[in-house]
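Here's my sequence, what's the structure:
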Amino acid sequence: MDNLFKDLGYAARVLRKNAGFTAIAIATIALGIGACTAIFSVVNAVLLRPLPYVDAQRLVLVWGELRARNVPDWPFSPPDYRDMRQHTTAFADLAGITPAGRVPIGGDSAEPEQIRVAGATPNVFRLLGARIAIGRDFTEDDAMPQPQPPAGAAQPPGQPPPPRLPAIAIISHELWQRRYGGDAAIVGRTVDFGGGGGRAHIVGVLAPGFEILFPPRVNVFRVPDMWTAVRINYETANRNNVIWRVIGRLKPGVTIEQADAQVEAVATDIRQHFQISQTAGLHFHVVPMHDDLVKDVRRTILTLMGAVLFVLLIACANVANLLVVRASARGRELAIRAAIGGSRWRLVRQMLAESLLLAGAGTALGLALARGGIQALIALAPPTLPRLESVAIDPIVLAFTVTAGFVTAIACGVVPALRASRPDLMDVLRQSGGSPGLKAGRALRNSVIVGEVAASFVLLIGSGLMLRSFVALQHVNPGFDPNGVLTFLMPARGQQPAERAQFMRRVRERLRALPGVRGASATGPLPLDGQLANARWGPEAAKADPSLYRQADVKFILPDYFETLRTRLIQGRTFSEADNAAKDAKLIIIDDHLAARAFPNQSAVGKRLLARIITADAEPFEVIGVVAHQRHASLAIEGPEAMFFADGYVGPGAANRWIVRTAGDPTALTPAVRAAIGEIDPKATLAEVQPMTEFVDRAMAPTRFAMLLFGIFAGVAVVLAGVGLYGVLSTVVRQRTAEIGMRMVFGAPRARIFTLVIGEGLRLSAAGVAIGLLAAFGITRLMATLLVGVKPTDPITFVAITLLFFVIAALACWLPAQRAAGLDPAVALRDE
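Alright, predicted model coming up:
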C-alpha cells in the first residue's frame, strides 16, 4: 500500500509538470464519462429501475387485439373482463382502469377547474399496493350499479328522473393540497361535476407520489386528480362497449407463458360464442407491465447508450494515444530507470498510476458535467419518455460511473504502460537527441487513430440519418395547417342536450365575432392530441358477412371544422348547421384513405356505409363528403383511415377540443377567448390552452431528441478524432524533421512537403472511413425504427458524410502540414 501511495504521489508531481497534457487528458475523459453517465441515468430510471409498486415484478398488463382489423391494445368490455376473472387461475387479482378525461369541478369556494379523472374497479389500489393517506379505500359496494326503474314502469310526464347515485371517489394527494389546502374534512364531502356531469362523494385521499404507469401510447393519465369506482352492471353491459385497460398480478410461481395461455383460452371461448369477436379476430395476451411501459422507447434509449459508449471509446483511445506519445518522449528517462534496477512491474505500475489519476480526475469532472447533462436531457426529452422525473444520479448510476472510470484508467493506461516498461537503453541512447523514443509505437498510434476515425464516422452517419429523418418530418403534410390555430379543451355546459347545443352555438358565434378570427369549430379528439377513438365500419354487405368490417379512427366535429383546420375537401360537402342540429340525420364524412378502401375507383359521395357509433349494432350512414387524410396519432406514419360524424348525432358535447384560427399569433388571442366564453357562462372552464403547433412539435419531439443527442455525440467524437489525428501528424512531423530538412536540401518544394504530411493524414483517415463504412452498414440497421422517410443505408447520407469527414480530416491535417512545410532546413538538420 505504501508503494501505491508513493507511485500516486510521484505520478501527481509528474502530471503537474506537464499541465497542458494533463488538462487535455482530463477534459477528454470527462467528456466521455459525463456523456455516458447522463445517458446511463436515463437507462437506469427507465429500463432498469422496478416500477414503484409492491412486488412490481409480478404485475402484468392484459391486452386484447383485433387481429383481423389490425388493432392492437384493444381494451376489454365489462363482460369479457368478467369472463377472464372467472375462468383464469393464473392471477392473484385483476383490476380495470378507464380514462374518463378531464371533467369540470365546482360546487365549492375554489375557482372552477378541469381535473383529470380515471375510473377503476374497486380493487385497483389493493392490487397495486397503493397507500391511502386519509379516509378509506374503495369497497365492492362503491361500484354498485345505478338502480334501474322497474320493468314496464314509465317516467311520469313532467317529472324529473330519479336521482342517480354519486360516484364514489378517492382524490390524489396533489389535488387535496392544491384545491382543498390539505383539509382532512374533504373526506365525506360531495362535489359537483360541472355541466350536468353528476356528483362525486369523496371517501379518501391517496398517499403522495402515486402514479399509474401505462404505456404513453394508450393515453392513460399518469397522475389522475380523482379516481372513481365505476358503477357497472356486468349482467346487462354490452359486450361491444370496451372500457377496461386491465392490470393483473400473477400468483407466485406463475409464468407469463402460463397466464398468456389462460387468457387466450378465454378469448378462444368468446370467439366461439360471439360471431363479431370471431370475425374481428379477438385475441388476448399478457405482457409484463414494466416491459410494456418501455417497449416504445427501449430501442431509442439503447441506441443512444451504444452511441455514447462509442464516444467514451474514442475518448479512451485519444488519451491512450497521448500517453503513448508521452511515454515515447520519456523513453530515455524510462530506459535509464530500467538500467539502474527498476523492474518492469515498477515501470508498469508507475505508468498505470498516472493513468489512474487522470481517469479519477476525469471521472470526478465528468460526474459534474453529467449533472448538467441530465437537466438538459430532461428539458429536451419527449413527453413519451416514461418516468422522466425519476432520472437522477443515484447509487446505481454512481457505481456505473466509478466502474466506467476504472475501466477507462485501464483502457487508457495498460498499452502505454506495457510499451514503456520494455525500454532498451542502447537503442534509446543511439537515437538522435531531438525526439528520443518517438519512432517507437508508430504502428500502435496509427492503429488507434484509425479506430477513432472509424468510430466517429459511424456516429456521424447516425447523426446524418437522424437529421434526414427530422427534415423529412418537417416536410410531412399532416392533412391540416397548424399555423395560426389556438386550441383549448372545454366541455359543454348544460344539464340537457338542448342546453349544451345552445351553449356550443353561442360559443362558436362569439368566437367567430372576435377581431382577427378567421374560423372557429370543435372536434373530439383533435389530431395529434394523443386521444384515439375508433369504431368499426364496413360496406352494406357486412350485415351478412361481418368479416368485411374494418376499424377506423372516429371524430365528432362541429361545422366549419375542416375549413378552420384547412383540411382539403376532395368531394361533396362538409357538415352544415342543419346537419348538426338534426339528431336523426345519418350522415358521415370520410377521408380519402377510407374512400379508396371502401369504394375503389368510384365516387364515395352518396354511397352508404355501415358504422357502429352509439347503437348496439352498425347502422347505415350516407357519405356526404370526402376529405384529405389527417395524421391523427403520429407524423411519422399515416395511420388508419378516419370517419367524421356531426357532434349533434352523438349528443352535443362530444366535440370538446376547440380550434380558433386567427390571422396573427394565436397565443395573443387567449385573453379575448377567455373573456368571450366567460361572458356566456362564467363557470365554463378552459384547459390545455395552446397553439396547434404545440401538438406538431410534440409529435416531432422523439425524432428531434434522438437527432440532437446523436449530433452532440457525433460532434464530440469528430472533435476528439480530429484532435487525435492532429496529434499523430504533429508527432510524425517531429519524427521526420531531419528527413524533411534533407528533402528540402535536395530541392523538394514546400508544396510537396505539405502534400506529404496531408497525404499521411488522409491515408489514416481513409483507412478509418473504410472500416467505419463497413461497420455503419451493419450498425445503422439497428436504427431502423428511429428513422422517418430514410433508409438505414441511405446512399445520399453515406456519400455526404464521407465527403464531409474527409474535409474535417483535411482541416485537422492542415496545421501540422503547414508547420512541416514551413521548416527551415538548416535549423531542422542542426536540431537533429
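
Which strand in this structure has the most residues?
strand 91-106 (DSSP state E).

Partner strands of that one and their direction?
The strands beside strand 91-106 in its sheet (DSSP bridges) come out as strand 113-120 (antiparallel), strand 190-193 (antiparallel), strand 245-250 (antiparallel).

Out of those strands, which is closest to Glu140?
If you check each of the strands paired with strand 91-106 against Glu140 by Cβ to Cβ, strand 113-120 wins as the nearest, at 12.6 Å. For every residue, glycine as well, the C-beta is placed using N, CA and C.

contacting residues around that closest one?
95-105, 138, 175, 179, 212, 220-221, 223-230, 243, 489, 491, 685-687 (Cβ atoms under 8 Å, 6 or more residues apart in numbering).

so how far is that strand off the chain centroid?
25 Å (Cα atoms, centre = their mean, to the nearest Å).

quick one on the thing from earlier: would you mind checking the contacts of strand 113-120 for buried ones?
Buried by 16 or more other Cβ atoms under 10 Å: 95-105, 138, 175, 179, 212, 220-221, 224-230, 243, 489, 491, 685-687, out of the contacts of strand 113-120.

What segments of the stretch 701-832 of the chain are strands?
Ranges of strands in the stretch 701-832 of the chain, per DSSP state E, counting those that start in this stretch: none exist.

shaky segments in it?
732, 734-736, 738, 746, 824-832 (pLDDT under 70).

what's downstream of the worst-scoring helix or strand of the chain on mean pLDDT, the next helix or strand?
Across the helices and strands of the chain, mean pLDDT, DSSP states H and E gives its lowest value to helix 425-430, namely a mean of 51. Per DSSP states H and E, the first helix or strand lying C-terminal to helix 425-430 is helix 442-474.

packing partners for the longest helix along the chain?
Ordering each helix of the chain by length in residues (DSSP state H) puts helix 692-735 first. Here helix 692-735 touches helix 19-42, helix 289-329, helix 344-380, helix 442-474, strand 485-489, helix 750-779, helix 795-821, going by 3 or more Cβ pairs under 8 Å, 6 or more residues apart in numbering; DSSP states H and E.

how does it look with 7 Å?
Helix 692-735 sits against helix 19-42, helix 289-329, helix 442-474, helix 750-779, helix 795-821, with contacts defined as 3 or more Cβ pairs under 7 Å, 6 or more residues apart in numbering; DSSP states H and E.

could I get those helices as TSV with mean neighbour count and distance to Pro691?
As requested, those are exported to TSV (neighbours: other Cβ atoms under 10 Å; distance: least, Cβ to Cβ, whole Å):
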stretch	mean neighbour count	distance to Pro691
helix 19-42	22	29
helix 289-329	22	26
helix 442-474	23	17
helix 750-779	18	39
helix 795-821	17	33
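
Of those helices, give the one that comes closest to Met144.
helix 289-329 (28.8 Å).

so Pro112 makes contact with Lys683?
Yes: Pro112 is in contact with Lys683 according to Cβ atoms under 7 Å; the separation is 5.2 Å.

out of the two, which sits in the more crowded spot?
Set side by side, Pro112 and Lys683 show more neighbours around Pro112, with 15 against 12, by other Cβ atoms under 10 Å.

ok, the closest residue to that one other than its chain neighbours to Ala492 distance?
Nearest-residue entry for Pro112: Gly106, 4.3 Å, with adjacent residues in sequence omitted and distances by Cβ to Cβ, 6 or more residues apart in numbering. The gap separating Gly106 from Ala492 is 15 Å, by Cβ to Cβ, to the nearest Å.

do the same with Gly741
Relative to Ala492, Gly741 is positioned 89 Å away (Cβ to Cβ).

can you give me the strands in the stretch 501-650 of the chain?
So, for the stretch 501-650 of the chain - with DSSP E, counting those that start in this stretch - the strands run 517-524, 534-538, 550-557, 569-572, 587-591, 608-611, 619-627, 642-646.

Gly106 and Ala492: who's more crowded?
Taking other Cβ under 10 Å, Gly106 and Ala492 do not tie; Ala492 has more neighbours (24 against 16).

Just say helix, strand or coil for that one.
What DSSP: H, G, I helix; E, B strand; the rest coil gives for Ala492 is coil.

I figured it hits Arg505, correct?
No: using Cβ under 7 Å as the test, Ala492 is too far from Arg505 to be in contact (10.4 Å).

Residues touching stretch 380-389, excluding its own?
45-46, 213, 216, 293-294, 296-297, 378, 698, 701-702, 705, 708 (Cβ atoms under 7 Å, 6 or more residues apart in numbering).

re the thing from before, would you enumerate the residues in contact with the residue nearest to Pro112?
Going by Cβ under 7 Å, 6+ apart, Gly106 touches Pro112, Asp192, Gly194, Lys683.

quick one: the last one from Gly106, how far?
So the one you mean is Lys683. Lys683 is 6 Å from Gly106, where distance means Cβ to Cβ.

end-to-end on stretch 11-23?
Stretch 11-23 has an end-to-end distance of 14 Å (Cα to Cα, to the nearest Å).

still on that earlier bit, now the longest strand of the chain - C-alpha only, CSV.
The C-alpha trace of strand 91-106 is given here as CSV (Å, rounded to 0.1, in the frame of the first residue of the first chain):
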residue,chain,number,x,y,z
PHE,A,91,-53.8,-14.2,-11.4
ALA,A,92,-53.9,-13.3,-7.7
ASP,A,93,-56.1,-10.5,-8.9
LEU,A,94,-57.2,-8.4,-11.9
ALA,A,95,-58.3,-4.8,-12.0
GLY,A,96,-59.5,-2.5,-14.7
ILE,A,97,-58.8,1.2,-15.4
THR,A,98,-60.6,3.5,-17.8
PRO,A,99,-59.6,7.1,-18.5
ALA,A,100,-62.5,9.5,-18.1
GLY,A,101,-60.7,12.5,-19.5
ARG,A,102,-60.9,16.0,-18.0
VAL,A,103,-64.0,16.9,-16.0
PRO,A,104,-65.0,20.4,-14.7
ILE,A,105,-65.4,20.5,-11.0
GLY,A,106,-67.0,23.1,-8.8
